[in-house]
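Participant: Model the following, please.
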Amino acid sequence: MKQHILDNFTNVDMRGLRLPVINIFYNTLDIPNKYAARLSDINQPTNVVVIKDTLEEIRSVIPAGLTRISRQPDEHPTIVETWL
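Facilitator: Numbers count the residues shown, from 1 in each chain. Down below sits the predicted model:
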């Protein structure tokens, strides 16, 4: 699936998603040495991603009203946190 890289989530219509989830990753194979916020519908990834240099920058684009969940020990090591 071709990625749709955005600067933020401001104009992303999430109304059709059952449960919007944004996972923040760091240093993935396809986006090395950067933070990536990937939008999913529950556990089904979409092609929407925001890429930033720092965790502070990536957190600044998370839509208001979502709750941060820290990385769990059994999650992939590139996952930093999840927002629901």
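
Participant: gap between residue 82 and residue 2?
Facilitator: Per Cβ to Cβ, to the nearest Å, residue 82 is found 23 Å from residue 2. (Each C-beta comes from the backbone N, C-alpha and C, glycine too.)

Participant: what does residue 71 give?
Facilitator: Applying Cβ to Cβ, the value for residue 71 to residue 2 is 27 Å.

Participant: More neighbours: the two, which one.
Facilitator: residue 71 (15 against 5; other Cβ atoms under 10 Å).

Participant: dump the residue contacts of the more buried one.
Facilitator: 79, 80, 81, 82 (Cβ atoms under 8 Å, 6 or more residues apart in numbering).

Participant: What are the boundaries of the strands in the protein?
Facilitator: Here the chain has its strands, by DSSP state E, at 4-6, 20-26, 35-41, 44-52, 68-70, 79-83.

Participant: Would you format those strands as CSV with mean neighbour count, distance to residue 59 and mean pLDDT included?
Facilitator: Shown next, in CSV, are the strands of the chain (neighbours: other Cβ atoms under 10 Å; distance: least, Cβ to Cβ, whole Å; pLDDT from 0 to 100):
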stretch, mean neighbour count, distance to residue 59, mean pLDDT
strand 4-6, 13, 15, 95
strand 20-26, 21, 8, 97
strand 35-41, 20, 9, 98
strand 44-52, 16, 9, 96
strand 68-70, 12, 8, 98
strand 79-83, 18, 9, 98
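
Participant: mind giving me TSV with those strands and columns for distance to residue 62?
Facilitator: Formatted as TSV, the strands of the chain follow (distance: least, Cβ to Cβ, whole Å):
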stretch	distance to residue 62
strand 4-6	13
strand 20-26	6
strand 35-41	7
strand 44-52	9
strand 68-70	8
strand 79-83	5
